[in-house]
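> Sequence first, predicted coordinates after that:
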Amino acid sequence: MAARGRCPECGSGSLVEDAHYAQQQLVCAACGCVLSEGLLTTTYTDEEHLREVAYSQSTGQKEQLSRCLQRGIRRVQDLCKVLKLPAAFEETAVSYFQRALELPAFHLVSLEKKELLGGCCVLVTCRQRRWPLTMGTVCSLLYAKQELFASVFLSLQRELGLSVPALSLADLVTTHLSSFRLVQPNANIPAPFLEDKEQLVARTMAIVELASDTWLVTGRHPVPVVTAAAFLAWQSLRPGPRLSCPLARFCRLAGVELPPPAQLRLKELLEILLAMASQLSWLRGFCLDKKTVVKHIGDLLQHRLFLLKRAFSQQDTGLGMGSVSQECQGSGLPSSPAVPQQQGCPWAGQQQQRGTLRPLLPPCLLHPRKRLRAAAPSAASAALTGDEPISDSEIEQYLRSPEEIRAFRRAKAWS
């Protein structure tokens with residue numbers, strides 16, 4: 001379409017309006033000089049008044065700046081779909097991510113941290129909604145290091161002022177066991193090794209509570225404790241074909257890694273179970289070991305409080321007398337042996353014969369690690385005690401003033 005005016009370069013009057021990529025331009029048909037460029041779009045405020053503005057102030061520039069936000073939102077949504085989270089969780093996680101990117105603290109961080117920010121928003125949402133999800137699970141999905149992920153997680157919690165409850169041990173048991181292939185139909189796993197998820201979780205929780213009562217959880221990483229408890233629970237539910245299966249094979253069949261401390265936690269749990277089994281009258285005729293005691297875990301857990309009272313001394317156990325008495329009355333067992341003179345307790349005499357029982361203390365106190373010995377003092381330093389008398393030839397070194405020196409000489413002359 002021709003336009004009025006002349007070209008400032010060649011003076012030609014053949015000026016046309018050309019739509020270049022949907023952008024109107026005024027071009028000279030003779031020399032090709034571009035006299036003026038059109039405007040792509042409008043800003044949000046000027047759209048109502050139909051005023052054209054420059055591209056740098058347009059909505060197109062807005063969209064250019066939000067590419068990082070759009071990519072992060074897609075990452076959050078994909079992560080929620082992989083974890084099969086409800087739609088409400090996804091909306092909350094996306095809102096946290098949008099709020100976080102608006103803060104200056106996350107503007108100049110590395111690209112790797114920005115990618116982990118979406119996973120942190122998902123983890124915060126799940127923790128607030130009491131959805132069992134661990135940091136390790138998110139890190140494995142994002143192929144991230146837990147140390148770096150934890151730093152971004154703490155920064156998000158601090159900058160947004162979020163209250164994030166800690167993951168309880170019960171939630172961790174449910175989450176950890178949900179990933180086991182042994183609770184899912186699988187053709188590659190022998191049928192005797194498959195187990196019902198609900199039964200396995202319930203038995204594992206009972207063993208974890210026993211571990212908590214006996215100081216095996218305090219100060220320890222929870223995953224090895226849960227792994228050892230799940231192994232014992234799995235064996236006890238069907239001991240016949242499973243007693244010969246070691247812990248390492250159990251983890252391979254379940255499709256989880258074997259944490260190195262799990263073997264130690266398993267040994268400590270078996271020692272507690274053997275001590276408890278020695279107090280059951282119907283098990284005293286059997287020679288129980290660390291394999292055969294697994295068959296009786298159900299009975300031991302049923303009378304857990306009573307057996308802990310009998311197997312260990314009363315000092316610092318933290319177990320209430322009232323709960324033990326109720327446990328005994330409900331199970332038909334004798335009352336607590338805390339008072340050996342109590343009538344109706346057939347094991348009172350045996351309790352006195354055994355003498356003082358081992359106190360129920362943390363393993364770090366029962367088996368303290370060897371401390372480094374202090375270096376042996378030298379012969380010269382060992383001979384000096386600080387109480388040696390000062391000789392007359394050395395005492396002048398400690399006298400400061402002439403008056404003190406004269407007083408010392410007079411005292412020496414009088415002696």
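Sure, I can see it.
> Which SSE is immediately downstream of the least confident helix or strand in the chain by mean pLDDT?
Least confident helix or strand, the chain: helix 348-354 with a mean of 39, by mean pLDDT, DSSP states H and E. Remark: after helix 348-354, the chain's next helix or strand is helix 363-366, criterion DSSP states H and E.
> Pull out the buried positions in that following helix.
Judged by neighbour count (16 or more other CB atoms under 10 Å), helix 363-366 contains these buried residues: residue 363. C-beta: built from backbone N, CA, C; applies to glycine.
> avg pLDDT for it?
Mean per-residue pLDDT for helix 363-366: 74.
> And it, how far out from the chain middle?
Helix 363-366 sits 24 Å away from the centroid of its parent chain (CA atoms, centre = their mean, to the nearest Å).
> hmm, who's touching that helix?
With contact meaning CB atoms under 8 Å, 6 or more residues apart in numbering, helix 363-366 is reached by 215, 216, 219, 268, 358.
> of those residues, closest to residue 275?
When these are compared for distance to residue 275 (CB to CB), residue 358 wins out at 8.3 Å.
> Alpha carbons of whichever strand or helix holds residue 138, in PDB - could you do that?
Using DSSP H and E, residue 138 sits in helix 135-142. What follows is helix 135-142, C-alpha atoms only, in PDB (Å, rounded to 0.1, in the frame of the first residue of the first chain):
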ATOM      1  CA  MET A 135      14.500 -35.800  50.700                       C
ATOM      2  CA  GLY A 136      16.400 -38.800  49.400                       C
ATOM      3  CA  THR A 137      13.500 -39.800  47.100                       C
ATOM      4  CA  VAL A 138      13.400 -36.300  45.600                       C
ATOM      5  CA  CYS A 139      17.200 -36.200  45.200                       C
ATOM      6  CA  SER A 140      17.100 -39.500  43.300                       C
ATOM      7  CA  LEU A 141      14.500 -38.300  40.900                       C
ATOM      8  CA  LEU A 142      16.400 -35.000  40.300                       C
END
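> Which neighbouring elements make contact with it?
Judged by 3 or more CB pairs under 8 Å, 6 or more residues apart in numbering; DSSP states H and E, helix 135-142 is in contact with helix 67-82, helix 111-128, helix 146-160.
> what about 7 Å?
Contact partners of helix 135-142 among helices and strands, from 3 or more CB pairs under 7 Å, 6 or more residues apart in numbering; DSSP states H and E: helix 111-128, helix 146-160.
> distance between the ends of stretch 15-25?
End-to-end span of stretch 15-25 (CA to CA, to the nearest Å): 10 Å.
> average pLDDT across that stretch?
64.
> now swap in stretch 262-277 and tell me
Mean predicted confidence for stretch 262-277 is 92.
> which parts of it are buried?
By 16+ other CB under 10 Å, the buried positions in stretch 262-277 come out as 262-263, 265-266, 268-270, 272-277.
> what's the answer for stretch 124-137, then?
Residues of stretch 124-137 classed as buried: 124, 125, 126, 127, 131, 132, 133, 134, 135, 137 (neighbour count, 16+ other CB under 10 Å).
> same check, this time on stretch 235-254
For stretch 235-254, the neighbour count (16+ other CB under 10 Å) marks 235, 236, 237, 239, 242, 245, 247, 250, 251, 253, 254 as buried.
> ok, the third one - contacts?
When contacts are counted by CB atoms under 7 Å, 6 or more residues apart in numbering, residue 237 touches 195, 199, 200, 203.
> So it versus residue 207, what's the distance?
11 Å (CB to CB, to the nearest Å).
> The last one now?
Taking CB to CB as the measure, residue 254 falls 16 Å from residue 207.
> ok, now which ones touch residue 233?
Going by CB under 7 Å, 6+ apart, residue 233 touches 200, 203, 204, 207.
> export these to JSON lines and tack on neighbour count and pLDDT?
Shown next, in JSON lines, are the contacts of residue 233 (neighbours: other CB atoms under 10 Å; pLDDT from 0 to 100):
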{"residue": "200", "neighbour count": "19", "pLDDT": "93"}
{"residue": "203", "neighbour count": "22", "pLDDT": "94"}
{"residue": "204", "neighbour count": "23", "pLDDT": "94"}
{"residue": "207", "neighbour count": "26", "pLDDT": "94"}
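> Among these, which are located in helices?
Judged by DSSP state H, the subset of the contacts of residue 233 located in helices is 200, 203, 204, 207.
> Just confirm residue 17 is within a strand.
Yes. Under DSSP: H, G, I helix; E, B strand; the rest coil, residue 17 sits within a strand.
> what pairs with it across the strands?
Following DSSP bridges, residue 17 is listed with bridge partners residue 26.
> State the distance from it to residue 9.
Plainly put, residue 17 is 17 Å away from residue 9 if you go by CB to CB.
> returning to what we had before: so which of the helices and strands packed on helix 135-142 is the most surrounded?
Most buried of the helices and strands packed on helix 135-142, by mean neighbour count (mean count of other CB atoms under 10 Å): helix 111-128, with a mean of 22.
> quick revisit: what is the nearest of the ones in helices among the contacts of residue 233 to residue 148?
Nearest to residue 148 among the ones in helices among the contacts of residue 233, counting by CB to CB, is residue 204 at 31.0 Å.
> check contacts around that closest one.
Residue 204 makes contact with 173, 177, 229, 230, 233, according to CB under 7 Å, 6+ apart.
> Now go through the residues you listed and say which are in helices.
Counting by DSSP H, the part of those found in helices is 173, 177, 229, 230, 233.
> For residue 28, what are phi and psi?
The phi/psi pair for residue 28 (degrees, to the nearest 10) reads phi -80, psi 120.
> Tell me how far it lies from residue 198.
Distance from residue 28 to residue 198, by CB to CB: 81 Å.
> swap in residue 172?
17 Å.
> Neighbour count for the two, which is higher?
Ranked by neighbour count (other CB atoms under 10 Å), residue 172 and residue 198 place residue 172 first, with 18 against 9.
> wait, that one sits on residue 225?
No. In this structure, residue 172 is not within contact of residue 225 by CB atoms under 7 Å, at 9.5 Å.
> Could you list the low-confidence segments of the stretch 251-400 of the chain?
Applying pLDDT under 70 to the stretch 251-400 of the chain flags residues 313-358, 369-386, 390-400.
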